[in-house]
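Novice: Okay, here's the prediction I keep looking at, along with the sequence it came from:
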Amino acid sequence: MVLSTNPAAGIASLQLCFYGAGSLAEALARGILNKELTAPSQVSMINRSNRERLAELSERYGVHTILNGADLTNEQFLQRADVIFLAMKPKDAAAAIESIRPLVSDNQLIISLIAGLSISSIERLLDRKLPIVRTMPNTSSTIGLGATGISYSDAVSPEQRAIAEAIFQSVGINAIVDESLQDSITGVSGSGPAYVYYFMEAMLTAAEKLGLDSASAKDLVVQTVLGAAEMVRLTGETPQDLRRKVTSPNGTTQAAIEKLTEGGFSDIVVQAMLRSSERAAEIGADFERSTSK
Ligand SMILES: NC(=O)c1ccc[n+]([C@@H]2O[C@H](COP(=O)([O-])OP(=O)(O)OC[C@H]3O[C@@H](n4cnc5c(N)ncnc54)[C@H](OP(=O)(O)O)[C@@H]3O)[C@@H](O)[C@H]2O)c1
């Protein structure tokens with residue numbers, strides 16, 4: 001595979017194959033195509049059995065599937081790919097990866113989207129050391145506002161890194177981390193959207209208790225969370241500084257923050273995030289145990 005140092009040009013010349021055609025694969029394919037990193041004819045998507053899903057994807061994006069892919073089989077899509085995205089659920093990963101062992105070759109780049117699956121497990125399942133990119137995206141990738149942790153195996157070249165980073169930039173921002181930090185990424189941004197949803201659920205409950213109708217409550221809560229995140233992003237000030245600025249002594253915000261502090265808000269968020277990261281490590285270890293002979 002010849003990879004250009006210009007990531008966009010490099011990607012356009014590559015055959016990309018999504019092995020697993022679920023929601024995350026679609027988010028990524030859409031990002032790549034919307035950003036015009038490549039043409040739909042360079043992208044193939046394969047799954048286990050759901051033909052309706054393949055029909056939907058090829059109609060929506062013009063990508064190749066076994067239904068319209070110039071008579072290529074799933075095996076042929078995988079064999080001709082320069083980049084293979086592993087995009088099935090963790091429970092299906094071992095069988096799916098083992099089944100492509102005879103099909104993959106040393107010049108292919110493997111990009112895993114599978115939560116908790118280590119680079120060494122992928123190497124073991126493939127029985128060789130291909131260039132492997134392990135990622136931990138999050139659900140906001142679907143709307144181009146994702147945050148993805150990316151780690152590389154030793155075999156990944158600088159050109160391949162540029163390709164991987166351009167791909168994930170098409171659906172949000174990237175953090176390049178040592179693989180040992182992937183469980184931390186899970187605790188921060190992987191599970192992160194759900195913490196914010198949970199906080200929003202509580203705000204919605206309170207807004208309704210305060211007499212607002214559910215539509216107004218939703219609009220106000222969504223805009224408040226959006227506005228607060230944008231304030232942090234655009235002003236460059238820390239959340240702590242921004243909070244202090246809106247908290248007048250003896251005012252309404254101070255009364256609310258005192259209640260949150262009394263309830264151990266900050267501590268519980270920290271504990272929750274540490275637990276998420278710990279759980280990610282447990283899931284990874286379980287995977288390792290259940291798939292090693
Ligand atoms: N969704 C997220 O926000 C998110 C965030 C971070 C990480 N991830 C990771 O992304 C991966 C995919 O998640 P998802 O939510 O996109 O899953 P999903 O919607 O359930 O899709 C899974 C896909 O994998 C296919 N598949 C399963 N076994 C297969 C096999 N043996 N051969 C070929 N295809 C196979 C399924 O095909 P059939 O439908 O035909 O069975 C389906 O197309 C997971 O590992 C998850 O940990 C997801």
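Specialist: That came in fine, so what should we check first?
Novice: Pick out the residue of the chain closest to the ligand.
Specialist: Per CB to the nearest ligand atom, Gly22 is where the chain lies closest to the ligand, at 1.8 Å. To be clear about C-beta, it is placed using only N, CA and C from the backbone, and glycine gets the same treatment.
Novice: What degree of burial does that residue show, as a neighbour count?
Specialist: By the criterion of other CB atoms under 10 Å, Gly22 has 16 neighbours.
Novice: Look up the closest residue to it, ignoring the ones flanking it.
Specialist: Leaving out its chain neighbours, the residue that sits closest to Gly22 by CB to CB, 6 or more residues apart in numbering is Ala87, at 6.3 Å.
Novice: what's near enough to touch that neighbour?
Specialist: Contact partners of Ala87, counting by CB atoms under 8 Å, 6 or more residues apart in numbering, are 18-22, 24-25, 28, 113-114.
Novice: Which of those residues fall within strands?
Specialist: Assigned to strands by DSSP state E, the following of the contacts of Ala87 qualify: 18-19.
Novice: how about the contacts of Ala87 in TSV, adding pLDDT?
Specialist: Listed next are those as TSV, based on pLDDT from 0 to 100:
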residue	pLDDT
Phe18	98
Tyr19	98
Gly20	98
Ala21	97
Gly22	96
Leu24	92
Ala25	96
Leu28	94
Leu113	96
Ile114	93
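Novice: Can you say which two of the contacts of Ala87 are spatially most distant?
Specialist: Farthest-apart pair in those is Ala21 and Ile114; separation 14.2 Å (CB to CB).
Novice: Now do the SS call for Ile111.
Specialist: Of the three states, Ile111 takes strand under DSSP: H, G, I helix; E, B strand; the rest coil.
Novice: Which residues of the chain lie near the ligand?
Specialist: For the chain, the contact set with the ligand under CB under 6 Å from any ligand atom comprises 19-25, 46-50, 53, 87-90, 92, 95-96, 113-115, 137-139, 190.
Novice: From what I see, Gly10 and Glu165 are in contact.
Specialist: No. If you go by CB atoms under 8 Å, Gly10 and Glu165 don't touch, sitting 11.2 Å apart.
Novice: Give me the more crowded residue out of those two.
Specialist: Gly10 (21 against 16).
Novice: what ranges do the strands span in the chain?
Specialist: Using DSSP E, strands in the chain cover 16-19, 43-46, 83-86, 109-112, 132-136, 146-152, 172-176.
Novice: What ranges in the chain fall below the confidence cut-off?
Specialist: 1-9, 69-70, 293 (pLDDT under 70).
Novice: No further questions, thank you.
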